[in-house]
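Asker: generate coordinates for the sequence data below:
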Amino acid sequence: LFADLLKTDGAAKPTYLYSAGCKDMGGADYSESIAIGGIGYAKDTAHIDALVALGSPANLASMGGEPRAQLIASLGRFGDAQKAKVLPVLKNALATKGSMLEFKKISLKLMARFGSDDGVAYCLDVLKQGNDKDVSKTCAWYLAERKNADAAAILTQRYEDNKLSYGRALGLLGAKSAVEVLKAEYEKSAGSAVALPVTVALLNIGDKSHDYAADLTAMIQGRRPLSIKDRAKKAEELAAKKKGADTKWQKREEETQEDVARAAALEATYAVDAASAKKIDEALRLTAKKTEWVKASAFASSALGQRGDKAAVSDLVKLLSSSKKEAREIAINAFGDPAWRSVALR
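Answerer: Prediction:
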């Protein structure tokens, strides 16, 4: 049935043969949409060629942005077993001009999932041009996932354009050439959640200027590290044996906030430093047990699952029946389609 819905009359500007009965639902666009989705969800290899045919350069050029995105996502559901057929369509998608670029983002995520470097040249050009803000974040992630060394210099040069995405990418690349830029950002914002991405990036790169692992594990548990200025002030007061200084600073460093823990749990999914992995996971487990912190505990369980802790899966399943809507939504997202997920899913 789905394959039949994709049949056309063969004209230069073909119409779908079975669109008449769907006029009240959008006509050909509707029949095409459910056909593309149906074949992909069924992983029907007998009709994958019908979808591949839709992914020709000519067809993609004439399709709207949303149908393109549906087609690419549907092909991605066939997985690694069909990547030889799917990858040429993904390359066609990147070469297709158009202002609706969701289909290009999905294409790059699938290329990374399939271990393909077919998008490297496209993404390096996107970052060099610097005028495609919409897809540049995905390109930064894709190049980091593919460990493309040429991307480091461009991302460092354009770091100010998108500190969050480019900082994460530089960390995942292990770009030591970016340490000076990233460390300046860390020292400016240390002590706040704003510093989390650059903290993880420098941890991944292996910079030893500060104890980034200690910062991250503290924040996963809701504790904010001291700013660089306060660290110096603390050292000065303790050295001078100022009365009550030790108690004052200890109290400050033991204060906890759920929003800090939530943000840190999310960022922990980008931490790939092997030496600190055990400490990070232990901190996440402690926060996951804090059920009074609805969002933070759910994010901690989600982060553990994304970091490969199989035991966290049962906790996420339990969250699906939580009385708290926020917890249910976080768990649902954690079980999402890998083609749509973040770089943390390796």
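Asker: doesn't Trp141 belong to a strand?
Answerer: No: Trp141: not assigned to a strand; according to DSSP: H, G, I helix; E, B strand; the rest coil it is helix.
Asker: neighbours around it, how many?
Answerer: 23 (other C-beta atoms under 10 Å). Bear in mind the C-beta positions are built from the backbone N, C-alpha and C, glycine included.
Asker: return stretch 263-277 as CSV; C-alpha atoms alone will do.
Answerer: C-alpha atoms of stretch 263-277 as CSV (Å, rounded to 0.1, in the frame of the first residue of the first chain):
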residue,chain,number,x,y,z
ALA,A,263,22.9,21.8,33.7
ALA,A,264,26.0,19.8,34.7
ALA,A,265,24.3,16.5,34.2
LEU,A,266,23.4,17.5,30.7
GLU,A,267,27.0,18.7,29.9
ALA,A,268,28.4,15.5,31.4
THR,A,269,27.2,13.6,28.3
TYR,A,270,29.9,15.5,26.4
ALA,A,271,32.8,14.5,28.7
VAL,A,272,34.9,11.8,27.1
ASP,A,273,38.0,12.1,29.3
ALA,A,274,38.8,8.5,30.4
ALA,A,275,40.7,9.4,33.5
SER,A,276,37.8,11.2,35.1
ALA,A,277,35.0,9.0,33.8
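Asker: Ile106 and Gly76 touch, don't they?
Answerer: Yes: with contacts counted by C-beta atoms under 8 Å, Ile106 reaches Gly76, the gap being 6.8 Å.
Asker: got the buried residues for stretch 42-57?
Answerer: His47, Ile48, Ala50, Leu51, Val52, Leu54, Gly55 (16 or more other C-beta atoms under 10 Å).
Asker: got a list of contacts for it?
Answerer: 2-3, 6, 36, 39-40, 59-60, 63, 71-72, 74-75, 77-79, 82, 85-86, 88-89, 92-93, 95-96 (C-beta atoms under 8 Å, 6 or more residues apart in numbering).
Asker: cool, stretch 66-85 as well?
Answerer: 29, 32-33, 36-37, 39-41, 43, 45, 48-49, 51-52, 54-55, 60, 63, 86, 89-90, 93, 96, 98, 100, 102-103, 106-107, 109-110, 113-114, 116, 337, 339-340.
Asker: so which of those are in helices?
Answerer: The members of those that map onto helices under DSSP state H are 29, 32-33, 36-37, 39-41, 48-49, 51-52, 54, 60, 86, 89-90, 93, 102-103, 106-107, 109-110, 113.
Asker: which of these are buried, as a ChimeraX select command?
Answerer: Restricted to buried positions by 16+ other C-beta under 10 Å, the ChimeraX selection for the ones in helices among the contacts of stretch 66-85 reads:
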select :32,33,36,37,39,40,48,51,52,54,60,86,89,90,93,102,103,106,107,109,110,113
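Asker: related to what we said a few turns ago, just the buried subset of the contacts of stretch 42-57, please.
Answerer: Neighbour-count burial (16+ other C-beta under 10 Å) applied to the contacts of stretch 42-57 gives 2, 6, 36, 39-40, 59-60, 63, 71-72, 74-75, 77-78, 82, 85-86, 89, 92-93, 96.
Asker: how much space separates the residue located most distally from the centre of the chain from Arg231?
Answerer: Centroid-distance maximum for the chain: Lys243 at 47.6 Å, with C-alpha atoms, centre = their mean. Lys243 sits 20 Å away from Arg231 when distances are taken as C-beta to C-beta, to the nearest Å.
Asker: what sits against Asn92?
Answerer: By C-beta under 8 Å, 6+ apart, the contact list for Asn92 reads Gly55, Ser56, Pro57, Leu60.
Asker: do Lys163 as well
Answerer: Contacts of Lys163 (C-beta under 8 Å, 6+ apart): Glu185, Pro197, Val198.
Asker: could these go into a markdown table alongside distance to Thr217, neighbour count and pLDDT?
Answerer: A markdown table is the format used below for those (distance: C-beta to C-beta, whole Å; neighbours: other C-beta atoms under 10 Å; pLDDT from 0 to 100):
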| residue | distance to Thr217 | neighbour count | pLDDT |
| --- | --- | --- | --- |
| Glu185 | 20 | 20 | 97 |
| Pro197 | 16 | 25 | 96 |
| Val198 | 16 | 29 | 97 |
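Asker: show only the entries of the residues you listed found in helices.
Answerer: Here DSSP H is the test, and the contacts of Lys163 give Glu185, Pro197, Val198 as lying in helices.
Asker: let's have the contacts of Lys163 in CSV, adding distance to Thr256.
Answerer: Compiled in CSV, the contacts of Lys163 are given as follows (distance: C-beta to C-beta, whole Å):
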residue, distance to Thr256
Glu185, 25
Pro197, 21
Val198, 22
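Asker: just give me the closest of the residues you listed to Lys133.
Answerer: Pro197 (17.9 Å; C-beta to C-beta).
Asker: so the closest one makes contact with Arg168?
Answerer: Yes: Pro197 is in contact with Arg168 according to C-beta under 8 Å; the separation is 5.7 Å.
Asker: hey, what's in contact with both of the two?
Answerer: With C-beta under 8 Å, 6+ apart as the test, Pro197 and Arg168 both reach Tyr270.
Asker: so where is the stretch 201-346 of the chain shaky, pLDDT-wise?
Answerer: Applying pLDDT under 70 to the stretch 201-346 of the chain picks out residues 336-346.
Asker: show me the helices in it, by range?
Answerer: With DSSP state H, counting those that start in this stretch as the criterion, the stretch 201-346 of the chain has helices at 212-220, 228-239, 245-254, 258-268, 277-288, 294-306, 311-319, 325-334.
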